[in-house]
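**Student:** Provided below for reference: sequence and predicted model.
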Amino acid sequence: MRVHIAADHAGFDLKSALTEHLSAQGHDVVDHGAFVYDPADDYPAMCIEAAEAVVADPGSLGIVLGGSGNGEQIAANKVDGVRAALAWSVETAVLARQHNDANVVSLGGRMLSLEDNLAIVDAFLAEPFSGDERHARRIGQLADYERRVHQGA
Ligand SMILES: O=C[C@H](O)[C@H](O)[C@H](O)COP(=O)(O)O
């Protein structure tokens, strides 16, 4: 699977570890930055770029990383078609896929151990959307909002 990934300085080491971990599993990891460690860098542009890449690349998923994952999730969710979930356990990652068909996961590199974050990403990538009518209906309502308010359709 192709995975679009981005991290600011607070998620920089986790991005490197995840890229190695996922590449070893055969995933195609596309890095959207940061490309050098800069303790003063800003997460929005790189997270938005990764999120846009997910929307433009059907079937792919995204990972955005920072200290808490909060700002990264907020940034990714600015992109129409993105459903970014902040995952802080395997269960929240699994539910993000099953119930929300989340196409981006956001993680806090300062919140959890490396092992926990790797397990969360593995669970996120492996879990399919349930396709249950109630979940599809709710996701459809979000897409309707984007079409109506953002795209004037
Ligand atoms: O929500 C934002 C992210 O957690 C950032 O990674 C975090 O705010 C960066 O913090 P600082 O600039 O203090 O290292």
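**Tutor:** Yep, it's here.
**Student:** use CA for all of it now, contacts and neighbours both
**Tutor:** Fine.
**Student:** Contact residues of this structure facing the ligand?
**Tutor:** Applying Cα under 6 Å from any ligand atom, we find that the chain lies next to the ligand at 8, 10, 66-72.
**Student:** go with 5 Å
**Tutor:** Counting by Cα under 5 Å from any ligand atom, the chain comes close to the ligand at 10, 66-71.
**Student:** Which ones among those lie within strands?
**Tutor:** Those of the residues of the chain next to the ligand mapping onto strands are G66, per DSSP state E.
**Student:** can the residues of the chain next to the ligand go into TSV with extra columns for neighbour count?
**Tutor:** What follows is these, written out as TSV (neighbours: other Cα atoms under 10 Å):
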residue	neighbour count
A10	23
G66	28
G67	20
S68	19
G69	27
N70	17
G71	20
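**Student:** okay if I get the residues of the chain next to the ligand as TSV plus pLDDT?
**Tutor:** Putting the residues of the chain next to the ligand into TSV (pLDDT from 0 to 100) gives the following:
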residue	pLDDT
A10	98
G66	98
G67	98
S68	98
G69	98
N70	98
G71	98
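**Student:** out of the residues of the chain next to the ligand, who's nearest R97?
**Tutor:** In terms of Cα to Cα, no member of those lies closer to R97 than G69, at 17.3 Å.
**Student:** and that closest one, what does it touch?
**Tutor:** 86, 106-109 (Cα atoms under 8 Å, 6 or more residues apart in numbering).
**Student:** try 6 Å this time
**Tutor:** Residues near G69 by Cα atoms under 6 Å, 6 or more residues apart in numbering: 106-108.
**Student:** Many thanks, we can stop here.
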